[in-house]
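*Asks:* next come a sequence and a model predicted from it.
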Amino acid sequence: MEKTRRILKITVFSIIISFFIFSIIMIGCSKKRTKTAEDAMLDPLTIPQFVEQLVIPPIMPYVNKTTEYTEYHIAVRQFTQQVLPSDYPSTTVWGYGKDGEASTFSYPAFTVETRANERVRVKWKNSLINNEGNYLSHLLPVDPTLHWANPPLPCGMESESEYSIQPAKYTGPVPIVTHVHGAHVADTSDGYPEAWYLPDAKDIPPGYCAKGSHYGTVIPTDQGSAIFEYPNDQNATTLWYHDHTLGMTRLNVYAGLAGFWIIRDNTEDSLNLPGTAPRLNDPAGTKYYEIPIVIQDRSFKKNGSLFYPESRKFFDEYEGPYIPDSPVPPVWNPEFFGDTIVVNGKTWPYLEIEPRLYRFRFLNGSNSRFLILKFNKDNLVFNLIGIEGGLISEKPLVLDRLLLAPAERADVIVDFSNLAAGEEIMLLNLGPDEPYKGPDVPLDPANPETTGRIMKFKVVASSGAQSGSIPPSLPSIPPLSTTLPPRDLTLNEIIYPDADIPIEAELGTGSDGPLSWDHQITENPMLGDTETWRIINLTEDAHPIHLHLVMFQVVDRIPFDKDGYTTAQELWLKGEGPKPNIESFFTGSSIPANDWEKGRKDTVIANPGEVTKLMATFDLAGLYVWHCHILEHEDNEMMRPYRVSAP
């Protein structure tokens, strides 16, 4: 075995050397490439706003429905779509759709709608191939120096970072694996980052691994596919599905791989909420009063194509040296903020509304951008009824603005009944064009002419349809409790000291410090246990932290002495001091969870300088992950596996 391993190392080392000369050429040309890309950029101020109607995602067709389960065949394909206004070039994107029905492929994808406890089986297929059956390369620049899926390596080696560094640009077949975000599901069907698979293309290069080390399927299936099952044994709520491939989630989602997954139940049905919502096979022209809305930021080139940086220089003007001459990845950017707002696959659309109640399911589907949504009319408010885990506790909450981190959702009712036909209202974004640093840090709002605008609502005459109501009360959600000691977990930014720039972000523990993806598992709840996790943010920015499998309760946040704790932990890790107790570094009282967090969540904002406490019950055994949902962070080590073990 050791001899085989040495041979593999020598082989991979030879591959690295063979790529090295080409990498130098690529790095040497990066300045020229970046300038060319910038010259080709589409100025967002030239894009007409509010001229295209909002697209309301239809319902995804199923293949078969039995008493046992509802079956879907959902593929990923490349196609063109009119994302920009109609007199602009179309955009090549990726999207999900019913396999074999071209008209169902869309960005964002059609909505999978199901009922609580309805078992759903999905055959997910990677169809990123051309008409000749050959693989398609990525639309966006892949940085192969990250710890990523890495199909050229020997099968099972993507977990070993010593094999990961390949300086040449990757143009090979694209791996995918789909995660239903917020799903309570067995680990085989969760979309584990190393469960990826390549398309069944005719020209996969010899030696490429077609499947990740943790590939799984509930029953055998075709090459280039996986079959996952979802029990949907949870409350009515707004979930979403998206790609989750190790080290390239940011690229696959940015290319278009996302869609809503909605669960309904009898409790929600009884509330007389505003509707109707899209249904399968609705006739053209059907009016909808319950509408899912995904907000994303993108940038475009003048030819209509998506722009995403192909050099680290784009982020902070750092021109190298890059890997292998320094630890700085040549392509990866620590965050990305697009200059154009895209809503349901259209730039700055409008929606015609009647003077009545509407229900909106908002999703922040951006890579890095935090949103703060507000109407430009003061008497319009959001009546919040639900978040990631479903309905909030006890009663709707009236808010004049919505803070949404990447991956967070908000289920709201808006009352437009006092508006007259002909009025127009704009939905604004007051969040920043840069990392969000928490509620107590002054911020520069987004560009008021571009990223500070989301969409427009144009009031038309009433059709007289039944309006529904804002429920006076909602079911109470009992708080969780536990006698187990808390886990202390850290959020860390890794700096390259020679250039004083960030090169990755990592999760960690109070005992072990920062940890990479392939470090041994440190979070290992026992099946059925309810645990408290204390998220200690040692960085300068807020991070949306997502746990797979569970819906958790946000308990509180406590300010602490970040510098003092960091120094004490560094001494501990060097063996020069005692293990620090985070409670000794608290600098203020407990801050209860925000009112809009008083339900169950799967993503929480961990603010800098605070310890964010959450509580969850781990009720399925298996291997899952937790991570930051700033996708650029997730893709470069800010993700860790955790295992729930049976007694």
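*Replies:* Nice, I can see it.
*Asks:* how much space between Leu614 and Leu620?
*Replies:* Distance, Leu614 to Leu620, using C-beta to C-beta, to the nearest Å: 18 Å. C-beta: built from backbone N, CA, C; applies to glycine.
*Asks:* these two - which one has more neighbours?
*Replies:* Neighbour count, other C-beta atoms under 10 Å: between Leu614 and Leu620, Leu614 has more, with 24 against 17.
*Asks:* for the host helix or strand of that one, name the packing helices and strands.
*Replies:* Secondary-structure assignment from DSSP states H and E places Leu614 in strand 610-617. Applying 3 or more C-beta pairs under 8 Å, 6 or more residues apart in numbering; DSSP states H and E, we find strand 610-617 packed against strand 530-537, strand 543-547, strand 553-559, strand 603-606.
*Asks:* average pLDDT across it?
*Replies:* Averaged over strand 610-617, pLDDT sits at 98.
*Asks:* residues in contact with that strand: which ones?
*Replies:* When contacts are defined by C-beta atoms under 8 Å, 6 or more residues apart in numbering, strand 610-617 is touched by residues 438, 480-482, 486, 528-537, 545, 547, 550-560, 582, 586, 591, 601, 604-606.
*Asks:* could you dump stretch 117-135 to PDB, C-alpha only?
*Replies:* Extracted in PDB, the C-alpha atoms of stretch 117-135 (Å, rounded to 0.1, in the frame of the first residue of the first chain):
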ATOM      1  CA  ASN A 117     -44.400  13.700   4.800                       C
ATOM      2  CA  GLU A 118     -44.700  13.200   1.100                       C
ATOM      3  CA  ARG A 119     -41.800  11.100   0.100                       C
ATOM      4  CA  VAL A 120     -40.000  12.400  -3.000                       C
ATOM      5  CA  ARG A 121     -37.500  10.600  -5.000                       C
ATOM      6  CA  VAL A 122     -35.300  12.600  -7.400                       C
ATOM      7  CA  LYS A 123     -33.000  11.300 -10.100                       C
ATOM      8  CA  TRP A 124     -30.500  14.100 -10.400                       C
ATOM      9  CA  LYS A 125     -28.600  14.000 -13.700                       C
ATOM     10  CA  ASN A 126     -25.500  15.900 -14.800                       C
ATOM     11  CA  SER A 127     -26.200  16.800 -18.500                       C
ATOM     12  CA  LEU A 128     -23.400  19.300 -18.900                       C
ATOM     13  CA  ILE A 129     -22.600  18.000 -22.400                       C
ATOM     14  CA  ASN A 130     -23.000  19.300 -25.900                       C
ATOM     15  CA  ASN A 131     -25.100  17.900 -28.800                       C
ATOM     16  CA  GLU A 132     -22.300  15.500 -29.700                       C
ATOM     17  CA  GLY A 133     -22.200  14.100 -26.200                       C
ATOM     18  CA  ASN A 134     -18.900  15.700 -25.300                       C
ATOM     19  CA  TYR A 135     -18.400  17.400 -22.000                       C
END
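*Asks:* buried stuff in it?
*Replies:* The neighbour-count check on stretch 117-135 (16 or more other C-beta atoms under 10 Å) flags 118-129, 135 as buried.
*Asks:* now do stretch 433-449
*Replies:* Buried, per 16+ other C-beta under 10 Å, within stretch 433-449: 433, 435-438, 443, 446.
*Asks:* then stretch 322-340?
*Replies:* Buried, per 16+ other C-beta under 10 Å, within stretch 322-340: 322-323, 326-340.
*Asks:* just give the number of residues close to Asn64.
*Replies:* Asn64, neighbours per other C-beta under 10 Å, totals 11.
*Asks:* let's see the pLDDT reported for it.
*Replies:* For Asn64, pLDDT reads 97.
*Asks:* residue contacts, the closest residue to it other than its chain neighbours?
*Replies:* Nearest residue to Asn64, sequence neighbours excluded (C-beta to C-beta, 6 or more residues apart in numbering): Glu71, at 4.4 Å. Glu71 makes contact with 62-65, 120-123, according to C-beta under 8 Å, 6+ apart.
*Asks:* repeat that with 10 Å
*Replies:* Contacts for Glu71 (C-beta atoms under 10 Å, 6 or more residues apart in numbering) come out as 62-65, 119-123, 227, 229.
*Asks:* now Val253: which helix or strand?
*Replies:* Counting by DSSP H and E, Val253 is found in helix 249-254.
*Asks:* alpha carbons of that helix, in PDB - could you do that?
*Replies:* Extracted in PDB, the C-alpha atoms of helix 249-254 (Å, rounded to 0.1, in the frame of the first residue of the first chain):
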ATOM      1  CA  THR A 249     -20.200  25.800  -5.300                       C
ATOM      2  CA  ARG A 250     -19.700  29.500  -5.900                       C
ATOM      3  CA  LEU A 251     -19.300  29.000  -9.600                       C
ATOM      4  CA  ASN A 252     -22.100  26.400 -10.100                       C
ATOM      5  CA  VAL A 253     -24.600  28.500  -8.300                       C
ATOM      6  CA  TYR A 254     -23.500  31.700 -10.000                       C
END
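*Asks:* re earlier: direction included, what does the helix or strand containing the residue nearest to Asn64 pair against?
*Replies:* Taking DSSP H and E as the definition, one finds Glu71 inside strand 70-81. Here strand 70-81 is paired, per DSSP bridges, with strand 64-65 (antiparallel), strand 91-98 (antiparallel), strand 120-126 (parallel).
*Asks:* packing partners of the helix holding Val253?
*Replies:* strand 91-98, strand 237-243, strand 290-300, helix 631-634 (3 or more C-beta pairs under 10 Å, 6 or more residues apart in numbering; DSSP states H and E).
*Asks:* would CSV of the ones you listed with mean pLDDT and mean neighbour count be doable?
*Replies:* Below are those laid out as CSV (pLDDT from 0 to 100; neighbours: other C-beta atoms under 10 Å):
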stretch, mean pLDDT, mean neighbour count
strand 91-98, 98, 24
strand 237-243, 98, 26
strand 290-300, 98, 22
helix 631-634, 98, 26
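*Asks:* quick one: which of these is nearest Asp222?
*Replies:* Across those, Asp222 has its closest neighbour in strand 91-98 (16.0 Å, C-beta to C-beta).
*Asks:* quick check: angle from the next helix or strand after that closest one to strand 120-126?
*Replies:* Counting by DSSP H and E, the next helix or strand C-terminal to strand 91-98 is strand 109-115. Put simply, strand 109-115 runs at 160 degrees to strand 120-126, going by axes from the mean of the first three to the mean of the last three C-alpha atoms, to 10 degrees.
*Asks:* report the buried residues of strand 109-115.
*Replies:* Neighbour-count burial for strand 109-115 [16+ other C-beta under 10 Å]: 109-114.
*Asks:* how far does that strand sit from its chain's centre?
*Replies:* 18 Å (C-alpha atoms, centre = their mean, to the nearest Å).
*Asks:* got the angle for that strand vs strand 237-243?
*Replies:* 140 degrees.
*Asks:* extract the CA atoms of strand 109-115 and return them as CSV.
*Replies:* Taking Å, rounded to 0.1, in the frame of the first residue of the first chain, the C-alpha atoms of strand 109-115 are listed here in CSV:
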residue,chain,number,x,y,z
ALA,A,109,-35.2,26.5,-11.7
PHE,A,110,-38.9,25.5,-11.6
THR,A,111,-40.1,25.0,-8.0
VAL,A,112,-40.4,21.6,-6.5
GLU,A,113,-43.6,21.7,-4.5
THR,A,114,-44.5,19.0,-2.0
ARG,A,115,-46.5,18.2,1.1
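*Asks:* show me what that strand is packed against.
*Replies:* strand 70-81, strand 91-98, strand 120-126, strand 237-243, strand 258-264, strand 290-300.
*Asks:* what's the closest of those to Thr509?
*Replies:* Closest among the helices and strands packed on strand 109-115, once you apply C-beta to C-beta, is strand 237-243, at 27.6 Å.
*Asks:* so Phe370 makes contact with Glu408?
*Replies:* Yes. Phe370 is within contact range of Glu408, at 9.1 Å (criterion: C-beta atoms under 10 Å).
*Asks:* spit out the residues that contact those two alike.
*Replies:* With C-beta under 10 Å, 6+ apart, Phe370 and Glu408 have common neighbours 364, 544, 605.
*Asks:* in CSV, list those residues along with pLDDT, neighbour count and distance to Ile291.
*Replies:* Shown next, in CSV, are the shared contacts of Phe370 and Glu408 (pLDDT from 0 to 100; neighbours: other C-beta atoms under 10 Å; distance: C-beta to C-beta, whole Å):
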residue, pLDDT, neighbour count, distance to Ile291
Asn364, 98, 25, 16
Pro544, 98, 23, 24
Ile605, 98, 25, 25
